[in-house]
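[1] Any chance you can model this:
(one chain, ligands or ions: 1)
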Amino acid sequence: MGPATLLRRVKPAPFEYHSPESVEEACELLSSLDDAKVLAGGQSLIPLLNFRLARPAHLIDINRVGALDRIYERDGGVAIQALARQAAVEDSDLVARVCPLLSDAVRLVAHRVIRNRGTVCGSIAHADPASEIPAVLLALGGSVVARSARGVRTIAADDLFSGVFETSLAPDELLVEAWFPAIRGKHAIVEESRRHGDFALAGAVRADDRLVLFGVASTPVLADPADPVKGLDPSGDLEATPAFRLHLVRVLTDKAFAA
Ligand SMILES: Cc1cc2nc3c(=O)[nH]c(=O)nc-3n(C[C@H](O)[C@H](O)[C@H](O)COP(=O)(O)OP(=O)(O)OC[C@H]3O[C@@H](n4cnc5c(N)ncnc54)[C@H](O)[C@@H]3O)c2cc1C
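    Numbering: from 1, shown residues only. Have a look, this model is predicted:
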């Protein structure tokens, strides 16, 4: 039984399954198919499909694309390719040496079994406002490389996150690599969640004097360390009221800058 047949027997709405073996082939599929989604680690997309919160007509599984899982040093930072798993980044001596803030952040994402499949680039493309990795990318002033049949472009983190689960990546673009600048100064990532491995109710990333908050707005946001709640209007839910989230922001900022 092929993967397409198997996938049709579980809960998602029907879709066409594609399994390209090169970046070029993946980009061709993205440019020629309407309503297609990339599948990387599947740790966010598969639950969305199963609950039918996403119903793409086509799924482009990039897991068979060769030579797309490298973690390497470039331009004074570390580049993480699209199929590098979060667990590989967590275990990487290079990342620990060049960008220890990223190593610390990845350890806060879910549980190891999820990090064995989930990718750093998938977390960035998914753009959950409560995610740690997009916040670190923004705090460090990193960037991503997007490929399509039209060409290649680099998008700065400042221009990437545009809303809840929204980025400035075009529908035909594949995020092939994320680049995190080296951090030599003071840095910290702190968050509050109900249980270990849960998404954060609120979190703060410090990179030198830069502060980025996550879980308190529709995207990760740059904030003033001297007045971190200025301009913030977080939403409330069953787990935290807006006032509690603002309280957490003050406490977490103090913690991040005391570290
Ligand atoms: C129980 C549980 C707890 C979790 N807790 C956390 C947490 O605390 N913090 C956190 O940040 N995350 C958490 N996650 C999410 C997890 O880290 C995901 O791995 C991550 O959000 C997405 O990475 P992925 O590789 O699995 O992407 P997928 O699920 O495969 O894809 C996610 C989205 O990104 C798109 N995408 C993926 N790769 C690319 C690419 N290369 N180019 C273009 N688009 C792409 C997909 O089309 C899809 O829309 C949790 C998940 C679970 C199941």
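[2] Contacts only, for the closest residue in space to L248 that isn't next to it in sequence.
    What sits nearest to L248 in space, not counting adjacent residues and going by CB to CB, 6 or more residues apart in numbering, is A202, at 4.0 Å. For the C-beta atoms, the positions are set from N, CA and C on the backbone; glycine is no exception. Applying CB atoms under 8 Å, 6 or more residues apart in numbering to A202 gives the contacts E191, E192, L213, F214, G215, V216, P234, A240, R245, L248, V249, L252.
[3] go on, G163?
    G163 sits next to A127, S218, T219 when contact means CB under 8 Å, 6+ apart.
[4] is it true that the first one touches E166?
    This means A127. Yes: A127 sits in contact with E166 when judged by CB atoms under 8 Å, with a separation of 6.0 Å.
[5] higher neighbour count, the two?
    More crowded of A127 and E166, by other CB atoms under 10 Å: A127, with 22 against 13.
[6] what's around the residue nearest to that one when sequence neighbours are not counted, how many residues?
    In space, and not counting its chain neighbours, A127 is closest to T167: 5.0 Å by CB to CB, 6+ apart. Using other CB under 10 Å, T167 is surrounded by 21 other residues.
[7] and if you look at A258?
    Here the number of neighbours of A258 (other CB under 10 Å) works out to 9.
[8] mind checking pLDDT for it?
    In this prediction, A258 carries a pLDDT score of 95.
[9] What of R206?
    So, for R206, pLDDT stands at 98.
[10] interface residues of the stretch 51-200 of the chain facing the ligand?
    82, 109-110, 114, 118-119, 121-123, 125-126, 128, 131-133, 174-175, 199 (CB under 6 Å from any ligand atom).
[11] Now with 5 Å, please.
    Listed as neighbours of the ligand in the stretch 51-200 of the chain under the rule CB under 5 Å from any ligand atom: 82, 109-110, 114, 118-119, 121-123, 125-126, 131, 174-175, 199.
[12] Quick one: residues in contact with stretch 142-162.
    23, 27-28, 30-31, 77, 121, 124, 127, 134, 136-138, 140-141, 167-170, 172-181, 219-220.
[13] Next one: the closest residue to E28 other than its chain neighbours from A67, what distance?
    Spatial nearest neighbour of E28, excluding adjacent residues (CB to CB, 6+ apart): A149 at 5.8 Å. A149 sits 19 Å away from A67, taking CB to CB, to the nearest Å as the criterion.
[14] Between those two, which has more neighbouring residues?
    A149 (15 against 9).
[15] Tell me the predicted confidence for the more buried one.
    Predicted confidence (pLDDT) for A149: 98.
[16] try K11
    K11 is assigned a pLDDT of 84 by the prediction.
[17] In contact with the residue of the stretch 151-259 of the chain found nearest the ligand: list those residues for me.
    The ligand sits closest to L175 of the stretch 151-259 of the chain, with a gap of 3.5 Å, by CB to the nearest ligand atom. Listed by CB under 8 Å, 6+ apart, the contact set of L175 reads A82, C121, I124, A125, V144, V145, A146, L169.
[18] what residue ranges in the protein score low on pLDDT?
    For the chain, applying pLDDT under 70 flags the ranges 1-10, 259.
[19] before we move on, the earlier item: which members of the residues of the stretch 51-200 of the chain next to the ligand are positioned in helices?
    Those of those mapping onto helices are I114, C121, G122, S123, A125, H126, per DSSP state H.
[20] Is V249 in a helix, a strand, or coil?
    Per DSSP: H, G, I helix; E, B strand; the rest coil, the local secondary structure of V249 is helix.
[21] Share the number of residues neighbouring it, please.
    23.
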